Each structure stands twice: as C-alpha cells, then as structure tokens.
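Peer 1: Dropping the sequence and predicted coords here.
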Amino acid sequence: MPTVLRPLLRGVTYTRILHLWVTVLPFSIWIFIYPSTPWAPALVLIPLGLVPAVRRGEGVQARLLLASDELDSEFSEEPSATWRDRWRTVLWLVVRVVLAMVTMAATTWLPFLAYGSGHMAMGHAVEGVPLLEGASPHWAYALLIPVLLVLLYAVVVGLGELVTVAARRLLGPSPAERLAVMEARTEQLLERTRIARELHDSIGHALTVAVVQAGAARAAGDPAFTDRALAAVEETGRAALEDLERVLGVLREARKPVSSRPTLADADRLLESARASGAKVDAEVTGPVDTVSGPVSREGYRILQESLTNALRHAGTVPVRVRIRVAEGTLLLEVRNPLPGDVPGPGRGSGLRGIRERAALLGGRARTGPDGDDWAVRAELPLAGAEMR
C-alpha cells in the first residue's frame with residue numbers, strides 16, 4: 001500500500017476524529033435548542049479551563065484518543081498547579097473547539113458534495129446540496145469527486161495530526177512536572193544501582209566463602225575440618241538466601257524495607273564467616289558502633305563485606321586486619337591484608353567501585369589499593385551521611 005494511504009489503516013486516525021466530534025456534541029445540542037445563540041456555549045470555555053481538574057480530564061482524553069503508543073508520556077494527567085497551566089488549558093479548549101467545528105463541517109459536507117457530484121455526472125439534478133443545487137448536470141462533475149475525496153483525506157488525517165500537536169504543546173507536562181518525572185527516573189536508576197550492589201556484595205561474598213571453604217576442605221583431608229567447612233558454607237549460604245529474599249522483596253514492593261538490611265551490629269557474622277574460611281581475622285572495634293545511624297551503618301556493613309570478600313578471593317587464607325572506629329563524627333573502616341602475588345591495579349573491579357560509590361553517596365570517601373606490603377581498603381563515612389533510600 002502507498003505510504004500516503006497508511007494513515008487510513010491506523011486506528012489512532014479515527015480516534016482523533018472521534019475526539020473532535022465529541023467536542024461538537026454540546027454545541028450541536030445547544031444549537032438545536034437555541035438556534036439564535038449558537039455561540040453561547042463558547043462563553044463557558046474560560047471559566048471551565050481555569051478549573052484545575054479539567055486539565056487532568058483533557059490529558060486523559062488526549063492520551064486515550066490522540067496519542068499513539070510512543071507519545072503517551074507527552075500528555076500530562078495532573079491537575080493545573082499554576083495559573084500558566086490553567087491558561088494553557090483555556091487556550092487548548094478554544095483550539096479544540098475551533099478544530100472540531102472545522103472537522104465536523106468538512107466531514108459532513110465533503111461526502112455530500114462527492115455524492116452530489118456523482119449524481120450530476122450521471123445526468124441527474126440534485127437538491128439540498130450546497131454549491132450544486134440548481135446547477136445543470138454534466139459529466140465534468142465526475143472530476144470533482146477525486147478532489148473532494150483528497151480534501152476529505154486531508155481533513156481526517158491533517159486535522160487529527162494538528163489537534164495532536166496542539167495537545168502536546170498545551171497539555172504537555174509543565175517544567176515542574178518534567179522535573180518531577182526526571183527525579184523519579186533518577187530515583188529508579190539509583191535504586192537499580194543499589195540493588196545491583198546489594199546482590200553483588202551479598203551473593204559474591206557467599207560464593208567466595210563457599211569456594212574457599214570447599215578448596216580448603218579438599219586440600220586438608222581432615223574430616224573434622226571438612227565438617228566445619230560445610231557448616232560455614234551452610235551458614236553463609238543461608239545468610240545469602242535471606243539477603244536475596246530481601247532484595248527480591250524490594251523489587252516486588254513499591255517501598256523497600258530498609259530496616260531489615262544488615263548493619264554493623266551484624267559485623268560479627270561477617271568476621272566469623274571469614275575466619276571459618278581459614279583467614280586469620282584480627283578485628284578491633286573502637287567507639288559506640290551501635291549508635292551509628294542506620295544509613296551509615298548499613299553501608300558500612302556492605303563495605304566491610306566487600307572488603308573481606310575481596311581479601312578472600314584474591315589473597316586466600318591470609319591474615320586480615322579489620323579496624324572499625326567511631327570518633328569525631330566519622331566512621332572509619334579499614335581492612336588490610338598482605339598483597340597477593342598477582343596484584344590488581346588500584347580501583348579495578350565492580351566491587352571496589354561499589355565501595356567508592358557507597359562512600360560517595362554518604363558524603364564520604366574511600367581508597368582501595370596497595371599500601372606498602374598490604375592491600376588496603378580505607379573508608380571514611382560522616383556520621384551525618386545522607387539518608388539512603
């Protein structure tokens with residue numbers, strides 16, 4: 001089918017005309033009752049457009065009848081919040097009525113003219129058809145039929161496009177609404193990033209512990225050690241399943257239960273898990289860790305978890321020194337272990353990047369990389385860090 005005729009196969013072409021026809025309905029009823037004052041209904045357009053809820057109703061109609069699928073988001077469905085939005089609604093109502101009148105007149109009389117032209121071309125006189133009444137029949141009237149059909153096509157398609165463009169301009173989101181949409185989108189992206197970090201840290205830690213424990217048990221050849229290793233794998237796996245279920249719950253629910261996320265109060269579980277994997281963990285905790293605010297404590301737990309996971313994964317069962325200090329409005333986390341033979345470049349890996357991202361979101365800072373003969377992860381988090389969502 002030629003491209004020019006494709007709009008005739010699109011349903012939105014006809015819903016747009018329906019949208020305009022509906023506009024004329026109140027005027028038609030009024031004219032039928034009070035033919036002497038056909039302009040009277042137009043007087044209510046200004047006070048009607050100033051009602052905040054009218055903009056919402058017009059936006060819903062536009063989305064349902066004017067928009068194709070990719071344009072749904074271009075129509076606001078919020079009530080008028082400012083006077084600018086109210087006057088845009090008034091202007092929209094005026095434009096809609098004018099275009100509706102033109103559409104109704106064209107779609108009513110153009111088919112009549114085409115029908116009358118056909119009768120005139122066949123030698124029959126017609127009555128009651130404007131421009132043709134009283135004219136003499138002639139075959140040349142057949143030439144008018146394609147012209148009238150082209151005009152009808154232009155009205156059906158062209159005015160439908162025109163009213164849609166006008167609706168996008170006048171019923172589109174205001175700057176404040178666009179900003180709100182952008183902020184909501186940013187929140188969604190941040191939430192996805194946070195969930196990705198949660199899964200990486202929790203599941204990555206569990207798998208690292210399981211791999212290290214399995215390798216150590218196979219190398220040891222000691223049934224007692226194997227039992228301890230299996231117990232550690234079981235405990236770590238159970239904790240990982242709990243974390244996974246919690247993260248999946250966040251995905252299923254509109255609001256995320258942050259209170260169920262582990263905090264530094266649960267740090268002993270991480271330390272024992274690392275020790276059970278064969279690492280010699282020397283931990284020192286200074287200051288009132290239990291008074292650290294929830295957001296800082298939760299992110300501190302994840303930073304500690306990723307640091308221990310990184311040590312087990314790259315250095316194996318080596319001595320690990322953990323320092324947690326709360327003082328002078330700052331939470332200091334430091335994890336050090338001897339450098340492995342194959343030293344990774346500073347800052348590589350999504351886990352280490354996640355550590356820096358967590359610290360930055362709280363207004364703190366983190367450094368990861370070689371420090372003398374050790375690999376060190378050092379994070380400083382202000383206790384008045386931003387509330388994490």
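Peer 2: Nice, I can see it. Numbers count the residues shown, from 1 in each chain.
Peer 1: So Gln213 is in contact with Ala231, correct?
Peer 2: No: contact criterion CB atoms under 8 Å: Gln213 and Ala231 do not qualify, at 9.2 Å. All C-beta atoms are positioned from the backbone trio N, CA, C, and that covers glycine.
Peer 1: Can you pull the residues that touch both of the two?
Peer 2: Shared contacts of Gln213 and Ala231, defined by CB atoms under 8 Å, 6 or more residues apart in numbering, comprise Ala276.
Peer 1: So between the two, which is more surrounded?
Peer 2: Gln213 (26 against 12; other CB atoms under 10 Å).
Peer 1: and the helix or strand where the more buried one lies, what's its mean pLDDT?
Peer 2: Element membership for Gln213 (DSSP states H and E) is helix 175-220. Mean pLDDT, helix 175-220: 68.
Peer 1: Quick one: mean pLDDT for the helix or strand just after it?
Peer 2: As assigned by DSSP H and E, the chain's next helix or strand after helix 175-220 is helix 223-252. Confidence over helix 223-252, taken as the mean pLDDT, stands at 73.
Peer 1: what do you get for stretch 93-108?
Peer 2: 90.
Peer 1: repeat for stretch 30-46
Peer 2: Here the average pLDDT along stretch 30-46 is 81.
Peer 1: Now do it: distance to the chain's middle.
Peer 2: Distance of stretch 30-46 from the chain centroid (CA atoms, centre = their mean, to the nearest Å) equals 44 Å.
Peer 1: next one: stretch 129-145
Peer 2: 58 Å.
Peer 1: Likewise for stretch 52-64?
Peer 2: 22 Å.
Peer 1: And for stretch 98-118?
Peer 2: 44 Å.
Peer 1: Kindly report the same for stretch 275-288.
Peer 2: With CA atoms, centre = their mean, you get 41 Å for stretch 275-288.
Peer 1: Repeat that for stretch 271-284.
Peer 2: Average the C-alpha atoms of stretch 271-284, do the same for its chain, and the two points are 41 Å apart (CA atoms, centre = their mean).
Peer 1: Next, count neighbours for Asp268.
Peer 2: With other CB under 10 Å as criterion, Asp268 counts 11.
Peer 1: residue ranges of the helices in the stretch 51-200 of the chain, please?
Peer 2: 52-65, 83-121, 144-153, 160-171, 175-220 (DSSP state H, counting those that start in this stretch).
Peer 1: Include distance to Pro338 when you put those helices into TSV, please.
Peer 2: Below are the helices of the stretch 51-200 of the chain laid out as TSV (distance: least, CB to CB, whole Å):
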stretch	distance to Pro338
helix 52-65	62
helix 83-121	65
helix 144-153	80
helix 160-171	63
helix 175-220	16
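Peer 1: can you tell which of those is closest to Phe32?
Peer 2: Set against Phe32 and scored by CB to CB, the helices of the stretch 51-200 of the chain come closest in helix 83-121, at 13.8 Å.
Peer 1: Show me what that closest one is packed against.
Peer 2: If you count contacts as 3 or more CB pairs under 8 Å, 6 or more residues apart in numbering; DSSP states H and E, helix 83-121 packs onto helix 11-33, helix 45-49, helix 52-65, helix 144-153, helix 160-171.
Peer 1: Report the backbone C-alpha coordinates of the first one in CSV.
Peer 2: Backbone C-alpha positions of helix 11-33 (Å, rounded to 0.1, in the frame of the first residue of the first chain) are rendered in CSV as follows:
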residue,chain,number,x,y,z
GLY,A,11,-6.8,3.2,14.5
VAL,A,12,-5.5,6.5,16.0
THR,A,13,-6.5,8.4,12.8
TYR,A,14,-10.2,7.6,13.6
THR,A,15,-9.9,8.1,17.4
ARG,A,16,-8.6,11.6,16.8
ILE,A,17,-11.6,12.4,14.6
LEU,A,18,-13.8,10.9,17.3
HIS,A,19,-12.1,13.2,19.9
LEU,A,20,-13.0,16.2,17.8
TRP,A,21,-16.6,15.1,17.1
VAL,A,22,-17.2,14.7,20.8
THR,A,23,-16.2,18.3,21.3
VAL,A,24,-19.0,19.5,18.9
LEU,A,25,-21.7,17.5,20.7
PRO,A,26,-22.6,20.1,23.3
PHE,A,27,-22.7,22.8,20.7
SER,A,28,-25.0,20.7,18.5
ILE,A,29,-27.4,20.1,21.3
TRP,A,30,-27.4,23.9,22.2
ILE,A,31,-27.9,24.9,18.6
PHE,A,32,-30.8,22.5,18.3
ILE,A,33,-32.5,24.0,21.3
